[in-house]
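Participant: kindly return the folded structure for what I paste below:
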Amino acid sequence: MGWSGGTYTRSDGVFTGTQIWQSNRDAGTKIVADRHDTHDQDLATGINQAINKDGSNAFTGAADLGSQKITSLADGTAHTDGVNAGQIQDGGLIFQATDSGSANTYAIALTPAVTAYVAGQVFHFKAANASSGASTLNVNALGAKNIKKKNDQDIAAGDIEQNAIVSVIYDGTSFQMLSQLGTSAGSMSSWTLSGDSGSNQTINDGNTVDIAGGTGIDTVAGSTDTVTVAIDATVPQLATTNAFTGVNRNALTIDNDGSFDMNANNNFKCTPSGNFALTFTNFADGQSGYILLINSGGHTVSLHANSKADANLATTVTSAGTYLISYVSDGTNAYLTNSAVFA
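Facilitator: Residues are numbered from 1 along each chain as shown. Below is the predicted model of the structure:
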């Protein structure tokens, strides 16, 4: 009978249990060869199904340890070996203290040896050399794979520093770098920012920023920060006499209700459809300009309290015709003059 359901039972083919020989004696049975052979064969079968401590008898099925732990387990040395808690805690399965490659061509040999690259594998190593450009990693001589940063970008000079701990994960094609870069994006002694440069850049104290031509350049600074921008000679400056080499102009702003917003423009065109009071809003000290008034309907023009003119201006421009009214603001009032009616 031997082993059955995890229990070994003695049997000589007739009697079973712990007192087989006593049962034969009590039955008056003398030594019978086939009963001895049956019993001894059960012993042999049971022994053959047991695990030898020297490892010579291998498992033929899954081992159920009954919630018991394995103690004094040696470090695994082959890819198919079991591992102990110490190997995991010490990181020896995926970490090598110093790579054996050179700058840009890093190499490690782990124990147990990795037998194939598989997506999701994570490795750590201490770089013996700094990177000077695009770099690769070769694990257990399985072949060099590119190391990428930010998903798909090649490693640049200084991204891997000498003696830095580098962590990577294999994505099925390349190693993506998980550890921090030795260089900081956007932090440098000087750089040029163009209108289409993309993501925000970091400016450290004492850095120089050259803002080149372009649109959509925003400067964001904290409440305690000071941003100093050096303006080149092509940009008009308040404290300098500026000589323009190109035409500076803007189309007239159409405003037919007789109320002119100084924030909208300097120069306006007004074709009223009824009587109105000539009015200005958002006064700007020093702003001046013109109003082309096309009063073909002869609508009555009056002056707002903040629109200052001689006694004849309103009467003159009320008469049907086209007039040019000039103005200058002192920040509170607008002072007006007018042309005669245009022929």
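Participant: show me where the stretch 151-300 of the chain has strands.
Facilitator: 153-154, 165-170, 175-177, 190-193, 208-211, 253-254, 259-261, 268-270, 276-281, 288-295 (DSSP state E, counting those that start in this stretch).
Participant: in contact with residue 307, which residues?
Facilitator: Neighbouring residues of residue 307 by Cβ atoms under 8 Å, 6 or more residues apart in numbering: 277-280, 333-334, 336. Any C-beta I mention is one placed from the backbone N, CA and C, and that applies to glycine too.
Participant: wait, what's in contact with the closest residue in space to residue 330 that isn't next to it in sequence?
Facilitator: Among residues not flanking residue 330 along the chain, residue 285 sits closest, at 5.9 Å (Cβ to Cβ, 6 or more residues apart in numbering). Contact analysis of residue 285 by Cβ under 8 Å, 6+ apart lists 329-331.
Participant: mind doing that once more with 10 Å?
Facilitator: Counting by Cβ atoms under 10 Å, 6 or more residues apart in numbering, residue 285 makes contact with 328-332.
Participant: now that we have those residues, which one has the most neighbours?
Facilitator: residue 329 (19 neighbours; other Cβ atoms under 10 Å).
Participant: just list what the helix or strand hosting residue 325 packs against, helices and strands only.
Facilitator: Assigned by DSSP states H and E, residue 325 belongs to strand 321-329. On a contact count with 3 or more Cβ pairs under 10 Å, 6 or more residues apart in numbering; DSSP states H and E, strand 321-329 meets strand 268-270, strand 276-281, strand 288-295, strand 307-308, helix 313-318, strand 334-338.
Participant: coming back round to it: quick one, which of the strands of the stretch 151-300 of the chain is nearest to residue 72?
Facilitator: Ranking the strands of the stretch 151-300 of the chain by proximity to residue 72 (Cβ to Cβ) places strand 165-170 first, at 31.1 Å.
Participant: report the strands that pair with the closest one, each with its relative direction.
Facilitator: strand 122-126 (antiparallel), strand 175-177 (antiparallel) (DSSP bridges).
Participant: if you compare those, which one is most tucked away?
Facilitator: Most buried of the strands paired with strand 165-170, by mean neighbour count (mean count of other Cβ atoms under 10 Å): strand 175-177, with a mean of 22.
Participant: that one: how far from the chain's middle?
Facilitator: Centre-to-centre, strand 175-177 and its host chain are 14 Å apart (Cα atoms, centre = their mean, to the nearest Å).
Participant: please enumerate residues in contact with it?
Facilitator: Contacts of strand 175-177 (Cβ under 10 Å, 6+ apart): 106, 117, 121-123, 135-137, 139, 144-153, 155, 159-160, 166-170.
Participant: generate a ChimeraX selection restricted to the buried subset of these.
Facilitator: Listed next is the ChimeraX selection for buried residues among those, using 16 or more other Cβ atoms under 10 Å:
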select :106,121,123,135,136,137,139,144,145,147,148,149,155,159,160,166,167,168,170
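Participant: could you list the domains of this protein?
Facilitator: 2-48, 90-177, 187-239, 253-338 (automatic domain parsing).
Participant: now render those as TSV, adding mean pLDDT and distance to residue 61.
Facilitator: Listed next are the domains of the chain as TSV, based on pLDDT from 0 to 100; distance: least, Cβ to Cβ, whole Å:
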stretch	mean pLDDT	distance to residue 61
domain 2-48	76	11
domain 90-177	93	24
domain 187-239	59	58
domain 253-338	96	87
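Participant: want to throw those domains into CSV with distance to residue 78?
Facilitator: Listed next are those as CSV, based on distance: least, Cβ to Cβ, whole Å:
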stretch, distance to residue 78
domain 2-48, 26
domain 90-177, 5
domain 187-239, 46
domain 253-338, 79
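Participant: so which of the ones you listed gets nearest residue 69?
Facilitator: Closest among the domains of the chain, using Cβ to Cβ: domain 90-177, at 18.7 Å.
Participant: to the chain's geometric centre, what's the distance from that closest one?
Facilitator: Worked out by Cα atoms, centre = their mean, domain 90-177 lies 21 Å from the chain centre.
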